[in-house]
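Enquirer: just the structure for this:
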Amino acid sequence: MRDYVYVGLGGNRRGTLRTYANLLLTLTLCGLWHGASWNYVLWGFYNGVLLALHRVYDHTLGGRAWLARLRAAWAFGCSRWLGTFALVRSGW
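Expert: Coordinates of the predicted model:
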């Protein structure tokens with residue numbers, strides 16, 4: 001999907017909004033590929049939204065020294081893991 005759909009649509013080379021649209025479309029199609037029902041399509045869209053929000057978070061806070069120190073902490077790593085698990089679990 002990444003090579004044929006995401007890169008075929010332009011990937012992240014055509015601007016920020018187009019990148020997010022490409023992510024959403026690619027993951028929505030991944031959901032459709034897993035099964036031809038609305039549950040899978042919505043599941044793919046949900047994962048696309050999560051991935052787009054992660055990119056917004058990463059681009060907004062990336063390159064800041066205080067965040068780099070915070071990310072190095074064990075507790076932050078544990079909370080990231082638990083947060084990701086909770087979001088993926090709620091998507092299931």
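Enquirer: which helix in the chain runs the most residues?
Expert: Using DSSP state H to define each element, the chain has its longest helix at helix 38-61.
Enquirer: identify all contacting residues around it.
Expert: 19-20, 23-32, 34, 67, 87, 91-92 (CB atoms under 8 Å, 6 or more residues apart in numbering). (Each C-beta comes from the backbone N, C-alpha and C, glycine too.)
Enquirer: just to be sure, which of these are found in helices?
Expert: Among the contacts of helix 38-61, the members found in helices (DSSP H) are 19-20, 23-32, 34, 67, 87, 91.
Enquirer: ok, of these, which come out buried?
Expert: T19, Y20, L23, L24, L25, T26, L27, T28, L29, C30, G31, L32 (16 or more other CB atoms under 10 Å).
Enquirer: distance to R55 and pLDDT added to those residues, as JSON lines?
Expert: Listed next are these as JSON lines, based on distance: CB to CB, whole Å; pLDDT from 0 to 100:
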{"residue": "T19", "distance to R55": "7", "pLDDT": "91"}
{"residue": "Y20", "distance to R55": "7", "pLDDT": "93"}
{"residue": "L23", "distance to R55": "7", "pLDDT": "92"}
{"residue": "L24", "distance to R55": "11", "pLDDT": "93"}
{"residue": "L25", "distance to R55": "15", "pLDDT": "93"}
{"residue": "T26", "distance to R55": "13", "pLDDT": "94"}
{"residue": "L27", "distance to R55": "12", "pLDDT": "93"}
{"residue": "T28", "distance to R55": "16", "pLDDT": "94"}
{"residue": "L29", "distance to R55": "18", "pLDDT": "93"}
{"residue": "C30", "distance to R55": "17", "pLDDT": "93"}
{"residue": "G31", "distance to R55": "19", "pLDDT": "91"}
{"residue": "L32", "distance to R55": "22", "pLDDT": "91"}
